[in-house]
Every structure is written in C-alpha cells, then in structure tokens.
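>>> What follows is a predicted structure for the sequence shown.
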Amino acid sequence: MVPFPICYSTTVDSRSTSDFNLQLGVNGSRLIQLGMIVSLVFSLMFIVLTQAIADGPSTIEGKVINGTNSQGNVEGLNVRIRYLSGDANIVELESETSSSGEFIFPNLSGNEILFYTLETTYLDVPYRVEIDPRELTGLPELVVYEVMGSSENLSVLDHSVVITGFDRINQELYVLEAVKVENVDNRTFFIPTNTANPMNFLRFSLPNGASGLEVESSTGGGHVIQIDLGFALTIPVPPGEHEILFTYSAPYENEVWEYRPAMIRGADNYRLMIKKGTGHFAEDSFVDKGEVNVGSELYELFQQHNLDAGERLDITISDLPDLKFTDHVLKLLSSRQIFLGIIPGIATLAFLVLLYAGIYRRRSFSR
C-alpha cells in the first residue's frame, strides 16, 4: 500500500515564540491524536477503494488482425479467453469478432487479472497469444494468416543432434534433436490431414530401429505420422521462426552407431553434440569445435554449415560402451526367454530328477 502524502500548513501570527511553544505544549497530545485518526481514516479509505477496484468487474478488449491481408475478413470469429479467477479456478469465456475484428469481454469479475491467453481458429488453423497486461501499450492483438499448401518457403536455420546418454545393458543411445524452422512467407503453411500425402508434410529422418519417439512443437497442435525412415508432422507453421524438439532411443551394435540422416530441407547450421565419455566421432566434413558445457554436463561439439536440401550425412560414433560379462548375465536373467524357456526347462529337469530318485528309493526298499 502506498500511503497518501500528508501536507502540513503552519500559520505564524503576531504572538511571541514563547506563547507559540506554550500553546503547542498544551494542545500537542490532542493534535497528535487527531493526526492519527485522520491518517487511519485515509488508510481505511484507500484499502476499501483498492479492494473494490481489484474485486470489481473489469473489461478486456482486443482485436483480431489478418497478418497476410489487412483487408481480409475476420468477422464472426470465436475468440476464447482463459484466465485464473480469484478463487484459483480457470475461467474460459468466448466472444465473437465484429466486422473490424474487434472483440470484448465485459464485466469480468474476480481479482485483478494479471495474465491471460487469447485463442481463435482461422481457416482450420488454431492461433494463440499469451498476454501480460502490465506489458501492454495498447489493445491486445491476435494475428491470423491466410493458408498455403506449399512448403517451398520453409527452411531449416539450425538442426542439432545431441547424444545425451546411453544404456549399456540394452545397447541404446538416448538422442535429442532440436530443429529451428523458419517460414519466410506471410501465410501459414498448413495441409489438412485427411486430404494430403504424408510426404507433403514437414518431415524428419530417424535412425534404423529408433523407438520411444516423443515430439514437441512451439506451434502446437498437429499429429505425428510414421513414414519410411522417419516421421512427418501435420502441424501448421505460421510466418516466423519455430522450434521442434524430438527425442528417441537408437540401438547400436558392436560399439558402433551409424546414422545417415537425410537433410530434407537442408540446414544453415548442423550440430552434433556427444556427451563426454560416450563414444568417439571423427568425420572430415565436420568441424571439431571442442568441448562445451551444457548445464553441468560436458559435451563434444561438431558442426557443419550450408547443407543442401536432400543431402545425406554420414555419422559414425565408435568406441561406445560394450556389454560386460555381468551385463550379459543380468540381461539373460531379465529377458523373457528365461521365463518362457530356461526356467520351465530347469523345473522340468528337477522334477524328473526327483521322480527318478523316488523310483530308485522304492526299488531299494523292495529288495
């Protein structure tokens, strides 16, 4: 709470200084009490007014803008707002845009709204913006775009492949790939899933035997479609730069991992990062950039520039962790085969031995 400034006004009359001091001494306690009462009244008024402002109804206005064509029709779009109410519940409301793309959410009750999101769908493409009212300099805007079905204006700015660890028992590498895609057009790249060939989507390579694929995209929405030696994404790609992350496990054999990714759209920069102590990589086409710290881990960094669309890379990592004798034993004990074959076989053999021992003992007693 910011206190109100208190201004004092003193009027000096023709009385002597001693008379003034005497008067102050007599009435000082009453003045102090009066000042405390006035200050308390103002403080209570301020608290009540502040609470009324915070808890009272508020209005949020905004506008949907066509980023491809400023004259494009954005009338009749449903705009959704989501925010956290004073009782910690998520409130979701809808409003329809006017002929000029404006929308309004009146009489929003609850505590002061410090953060909210706005969402709409235009030409089957969802759009979302996060709003912090404290950073606004005008009305919040939600930008939508026209749609294009060609991916020729999509390019890869950066593509990083990071070997984050390994599983020696199962002979697998843990891999993370981060791709920065740029759409230089003023339209959103989007192809309806039910009308398109998967080869027209945004595609990425995967190594043979990859498993456990998980994909995240900064654009949101979409699905993952498995294709030969890779996968395709049905996500929309609006104008600008966007991040795509995916992780998976890749098998290796005889201490070697071989991967020949196809750079479907090329790449301005391509990086290979290997966690220190995982394996050895040496390829003339890559530049060894030395060691880098990522968090608390140390990685070896290798890099290439200006890869052409359709170009294939040769990645071979050797000296990977091999199975030890104890690993073979643990792998055998944990395998399904030992429960389906070896253990029943041992149990059957033990039963036969006991049966034979019983028969032999009977014969001994009968003699």
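Now that the structure is in, tell me what you want to look at. Because the structure is a prediction, the values reported are computed rather than measured.
>>> ok, residue 100 - contacts?
63, 75 (Cβ atoms under 8 Å, 6 or more residues apart in numbering). (Each C-beta comes from the backbone N, C-alpha and C, glycine too.)
>>> which SS class is it?
Three-state call for residue 100 (DSSP: H, G, I helix; E, B strand; the rest coil): coil.
>>> cool, residue 107 as well?
At residue 107 the chain is in strand, as set by three-state DSSP.
>>> What does the pLDDT read for it?
Predicted confidence (pLDDT) for residue 107: 80.
>>> Surely residue 176 touches residue 247?
Yes. Look at residue 176 against residue 247 with Cβ atoms under 8 Å: they come within range, at 4.9 Å.
>>> doesn't residue 346 fall inside a strand?
No. Per three-state DSSP, residue 346 lies outside any strand segment and is helix.
>>> Could you measure from it over to residue 352?
Distance, residue 346 to residue 352, using Cβ to Cβ, to the nearest Å: 11 Å.
>>> any weak-confidence spans in the stretch 1-150 of the chain?
Within the stretch 1-150 of the chain, the stretches with pLDDT under 70 are 1-57, 109-111.
>>> quick one, helices of it?
17-55 (DSSP state H, counting those that start in this stretch).
>>> ditto for the stretch 201-350 of the chain
Ranges of helices in the stretch 201-350 of the chain, per DSSP H, counting those that start in this stretch, are 325-334, 336-337, 343-366.
>>> which stretch in those has the least confidence?
Among these, helix 325-334 scores lowest, with a mean of 53.
>>> What are the buried residues along the longest strand seen in the chain?
Ranked by residue count under DSSP state E, the longest strand found in the chain is strand 154-167. Buried residues in strand 154-167, counted by 16 or more other Cβ atoms under 10 Å: 154, 155, 156, 158, 159, 160, 161, 162, 163, 164, 166.
>>> Okay, now the sheet partners of it, with direction.
Strand 154-167 has these partner strands in its sheet, going by DSSP bridges: strand 172-183 (antiparallel), strand 267-275 (parallel).
>>> can you put those in JSON lines and add mean neighbour count and mean pLDDT?
Below are the strands paired with strand 154-167 laid out as JSON lines (neighbours: other Cβ atoms under 10 Å; pLDDT from 0 to 100):
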{"stretch": "strand 172-183", "mean neighbour count": "20", "mean pLDDT": "97"}
{"stretch": "strand 267-275", "mean neighbour count": "20", "mean pLDDT": "96"}
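>>> Specify the stretch among those strands that is closest to residue 230.
strand 172-183 (11.1 Å; Cβ to Cβ).
>>> packing partners for the helix or strand just after the closest one?
Sequence-wise, the next helix or strand downstream of strand 172-183 (DSSP states H and E) is strand 188-189. In this structure, strand 188-189 packs against strand 147-148, with contacts taken as 3 or more Cβ pairs under 8 Å, 6 or more residues apart in numbering; DSSP states H and E.
>>> contacting residues around the strand it packs on?
Looking at strand 147-148 with Cβ under 8 Å, 6+ apart, the contacting residues turn out to be 123, 124, 125, 185, 187, 188, 189, 190.
>>> And stretch 284-294, by the same measure?
Contacts of stretch 284-294 (Cβ under 8 Å, 6+ apart): 272, 273, 276, 298, 299, 300, 301, 302, 303, 304, 313, 314.
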